[in-house]
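In: test case, fold it:
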Amino acid sequence: MNEAPIRRRLFQTDFSMIWRNGKELTKIRLSLSVVFSSVAGYLLGATIIDYSELTWLAVGGYCMVGASNVFNQIIERDLDALMKRTMNRPIPKGRVSVNDAFALACVLTISGLIILYNINPKTAMFGAVSIFLYTCVYTPLKTKTSLSVLVGAIPGAIPFMLGWVAATNDFDIEPGILFIIQFFWQFPHFWSIAWFLHDDYQKAGFKMLPTEKPDKASAAQIIFYSFWTVVVSILPVFGITGKLTLSITGAIIIGIFGVILTYFAIRLFSVKTSNAAKKLLLISVLYITFLQIVYVVDKFL
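Out: Numbering: from 1, shown residues only. A predicted model of the protein is given here:
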């Protein structure tokens, strides 16, 4: 009997499971969106694009956000088992042990820091701050206070800024504005998620909405932060943000999309439904992606 085909099938099965678990532990879609933000920030800051450096930024960025996600799932493994959305993750499902997940997180953290440090020390420092705040502050606070979203918005806003710092080895008003844009954007984005997942989050004791419930007060704050997201997004058009510039055309395009974002936030305030929150989530994702593309295209045109 030829055992070679059997071994190949077993290897393929094992590799497929490892790949699947790795994607779920590092939250590949979220991690890639973070990498996209970092790349956009790099392109905005670079005078000459070093594609080797840009590639290492993407790899190092993925390692850091992936590590944060793995540490998060280790810490919240018992809570994840209580929620329908997360109960099938690798750790609560028993497909990956805590020790193996911890080893993966450590390897990703060390690799990410080394890669980012080789770009420049400031990039590595901000990467380290991001993973510390997400893992050691934001994650434990989620069951304690709704202010956890405020803390979580800090590491969530770093990637866009990180790209500029990687390209310039400098932190000034330009990366500061990129940080502020993505910082304000975090609130309508994550509160829309917390709105339609409120019942599931309650099972784990997560306090994510500003009033800890999907009511008009929470919706009002979503409108507030949506508005300021749009305002800070068009600040570069006024020539007050250093080397970070935006044409009038770019500002108008972003402003139009900002009106759409704010409209869906107002719509959530009006109807207070999960469906409205899901639509706001989709628009928020499209908004930040579209904004970053417009900023980059506007620079090179």
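In: who's in contact with Arg77?
Out: Residues in contact with Arg77 (CB atoms under 8 Å, 6 or more residues apart in numbering) are 89, 91-92, 98. Yep, even glycine has a C-beta here, placed from its N, CA and C like the rest.
In: list only buried entries from those residues.
Out: Among these, the ones that count as buried by 16 or more other CB atoms under 10 Å are 89, 91-92.
In: just give me the closest of the residues you listed to Ile222.
Out: Closest approach to Ile222 among the buried ones among the contacts of Arg77 (CB to CB): Arg89, at 27.5 Å.
In: isn't Phe257 up against Leu291?
Out: Yes: the pair Phe257 / Leu291 is scored as a contact, 7.3 Å apart, by CB atoms under 8 Å.
In: these two: which has the busier surroundings?
Out: Comparing Phe257 with Leu291 by other CB atoms under 10 Å, the one with more neighbours is Leu291, at 25 against 19.
In: before we move on, which element is the more buried one in?
Out: helix 274-300 (DSSP states H and E).
In: again with Leu32
Out: Per DSSP H and E, Leu32 falls inside helix 28-45.
In: angle of the helix or strand following that helix against helix 28-45?
Out: Scanning forward in sequence from helix 28-45 by DSSP H and E, the next helix or strand is helix 51-75. Comparing the axes of helix 51-75 and helix 28-45 via axes from the mean of the first three to the mean of the last three CA atoms, to 10 degrees yields an angle of 140 degrees.
In: mean confidence for the next helix or strand along the chain from helix 51-75?
Out: Sequence-wise, the next helix or strand downstream of helix 51-75 (DSSP H and E) is helix 77-80. In this model, helix 77-80 has a mean pLDDT of 95.
In: show me how far the helix or strand that comes right after helix 77-80 is from its chain's centre.
Out: Next helix or strand after helix 77-80 toward the C-terminus (DSSP H and E): helix 90-93. In terms of CA atoms, centre = their mean, to the nearest Å, the gap separating the centre of helix 90-93 from the centre of its chain is 22 Å.
In: quick one: mean pLDDT over helix 90-93.
Out: In this model, helix 90-93 has a mean pLDDT of 94.
In: can you list contacts of it?
Out: Residues outside helix 90-93 that contact it (CB under 8 Å, 6+ apart): 21, 24-25, 73-74, 77-78, 80-81, 86-87, 96-98, 101.
In: ok, now which ones touch Ala276?
Out: Neighbours of Ala276 in contact, by CB under 8 Å, 6+ apart: 264, 267-268, 270.
In: among those residues, which are located in helices?
Out: The helices, defined by DSSP state H, take in 264, 267-268, 270 from those.
In: after the one helix or strand Ala167 maps to, which helix or strand is next?
Out: Counting by DSSP H and E, the element that carries Ala167 is helix 148-168. Using DSSP H and E, the next helix or strand after helix 148-168 towards the C-terminus is helix 173-196.
In: now do the buried residues in that following helix.
Out: Residues 174-175, 177-196 are the ones in helix 173-196 that count as buried (16+ other CB under 10 Å).
In: about what we covered before: are any of the contacts of helix 90-93 buried, and which?
Out: Listed as buried from the contacts of helix 90-93 are 21, 24-25, 73-74, 77, 80-81, 86, 96, 101; burial here means 16+ other CB under 10 Å.
In: returning to what we had before: select only the buried ones of the ones in helices among the contacts of Ala276 in ChimeraX?
Out: The following ChimeraX line selects those of the ones in helices among the contacts of Ala276 that are buried, judged by 16+ other CB under 10 Å:
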select :264,267,268
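In: turn the ones in helices among the contacts of Ala276 into a markdown table, including pLDDT and distance to Ile223.
Out: Output for these, formatted as a markdown table (pLDDT from 0 to 100; distance: CB to CB, whole Å):
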| residue | pLDDT | distance to Ile223 |
| --- | --- | --- |
| Phe264 | 98 | 10 |
| Arg267 | 98 | 10 |
| Leu268 | 98 | 8 |
| Ser270 | 97 | 10 |
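In: might one say that Ala204 is in contact with Asp80?
Out: Yes: counting by CB under 8 Å, Ala204 touches Asp80, with 7.5 Å between them.
In: with distance to Ala277 added, can I get the contacts of Ala276 in TSV?
Out: Below are the contacts of Ala276 laid out as TSV (distance: CB to CB, whole Å):
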residue	distance to Ala277
Phe264	9
Arg267	10
Leu268	6
Ser270	12
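In: quick check: the farthest pair among these?
Out: Phe264 and Ser270 (10.3 Å).
In: how many residues are close by Arg29?
Out: Counted with other CB under 10 Å, Arg29 comes out at 9.
In: report the separation between it and Ile110.
Out: 24 Å (CB to CB, to the nearest Å).
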